[in-house]
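**Q** fold the following and give me the result.
(2 chains)
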Amino acid sequence: QQQVKQSPQSLIVQKGGISIINCAYENTAFDYFPWYQQFPGKGPALLIAIRPDVSEKKEGRFTISFNKSAKQFSLHIMDSQPGDSATYFCAARPSNSGYALNFGKGTSLLVTP
Amino acid sequence: KAGVTQTPRYLIKTRGQQVTLSCSPISGHRSVSWYQQTPGQGLQFLFEYFSETQRNKGNFPGRFSGRQFSNSRSEMNVSTLELGDSALYLCASSLDGTGNGYTFGSGTRLTVV
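**A** Numbers count the residues shown, from 1 in each chain, chains lettered A, B, ... in the order given. Below you'll find the model as predicted:
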């Protein structure tokens, strides 16, 4: 059972636009929510992460918005660039059953010139 | 600083064979986690080792096993390979295995024919 649901599966955005990827979860014991970026032939790389006591975190062009009551969080990529074209995964870590990350199924982002 | 090294990068095996994959973590990292990545299921947690002890295990059959050596290097083994075991196997190292600060290797692409 997928504990973290991610949408959309794929996304095409023009250069300079805003890319938005959404994730939803059910397990209220999750206490850490990272986003990973993966390029073809590479492993996922940590992009940005947030804890549930914070509603927003920004690092450069990347922002996580977190809605604890709705059990949703999203990644916003401002001023999207062709170099941002990659697959993005959201994840959540349970606080009560080991530390294995539960990943969403990924969003393939293509930023067109 | 060297990253996480996984060997081999590619592997082709026949159904029924067994395979051993290797992961060398970042120097100083004591935790190694393994994930299976497939297009259909995304990233799924296999197991995590810390100081040579398996601390957490995902929902995979007993054909999947692993170990960690005193230098923190880890191996995972899959016995009696099935076609469905074809996947990218990713290793992630971290200082303490708490799920944050993962650094992933580039993975081993296993194809079972």
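
**Q** identify the bridge partners of the residue nearest to B:Arg73 when sequence neighbours are not counted.
**A** Once flanking residues are discounted, B:Arg73 sits nearest to B:Ser24: 5.1 Å by CB to CB, 6 or more residues apart in numbering or on different chains. Any C-beta I mention is one placed from the backbone N, CA and C, and that applies to glycine too. Beta bridges link B:Ser24 to B:Thr5, judged by DSSP bridges.

**Q** tell me the pLDDT of B:Ser24.
**A** Note on B:Ser24: pLDDT of 97.

**Q** who's in contact with it?
**A** By CB atoms under 8 Å, 6 or more residues apart in numbering or on different chains, B:Ser24 lies in contact with B:4-7, B:73.

**Q** could you do A:Gln9 as well?
**A** Applying CB under 8 Å, 6+ apart to A:Gln9 gives the contacts A:105-108.

**Q** out of these, which end up buried?
**A** Buried by 16 or more other CB atoms under 10 Å in any protein chain shown: A:105-107, out of those.

**Q** just to revisit the earlier point, ok, which of the contacts of A:Gln9 also contact chain B?
**A** Contacts with chain B within these, counted by CB under 8 Å from any CB of the partner chain: A:105-106.

**Q** out of the contacts of A:Gln9, which comes closest to chain B?
**A** A:Lys105 (4.1 Å; CB to the nearest CB).

**Q** so which residue is smack in the middle of chain B?
**A** B:Trp34 (3.4 Å; CA atoms, centre = their mean).

**Q** just the contacts of A:Gln9: which are in strands?
**A** Residues of the contacts of A:Gln9 located in strands (DSSP state E): A:107-108.

**Q** dump the residue contacts of A:Pro8.
**A** A:Pro8 touches A:21-22, A:107, counting by CB under 8 Å, 6+ apart.

**Q** circling back to that earlier point, and the buried ones among the contacts of A:Gln9 as CSV, adding pLDDT?
**A** Compiled in CSV, the buried ones among the contacts of A:Gln9 are given as follows (pLDDT from 0 to 100):
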residue, pLDDT
A:Lys105, 95
A:Gly106, 96
A:Thr107, 97
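
**Q** okay, strands next: where are they in chain A?
**A** With DSSP E as the criterion, chain A has strands at A:4-7, A:10-14, A:19-25, A:30-38, A:45-50, A:56-59, A:62-67, A:72-77, A:86-94, A:102-103, A:107-112.

**Q** below-threshold pLDDT in chain B: ranges please.
**A** Chain B contains residues with pLDDT under 70 at B:1, B:99.

**Q** up against chain A, what does it have?
**A** Checking chain B against chain A by CB under 8 Å from any CB, the hits are B:4, B:33, B:35, B:41-45, B:48, B:55-56, B:58, B:90, B:92, B:97-107.

**Q** who are the contact partners of B:Gln6?
**A** Taking CB under 8 Å, 6+ apart as the criterion, B:Gln6 is in contact with B:21-24, B:89-91, B:105-108.

**Q** at 6 Å instead, please
**A** B:23, B:91, B:105, B:107-108 (CB atoms under 6 Å, 6 or more residues apart in numbering or on different chains).

**Q** what do you get for B:Gln54?
**A** B:Phe47.

**Q** so what sits opposite it in the bridge?
**A** Beta-bridge partners, per DSSP bridges, of B:Gln54: B:Tyr49.
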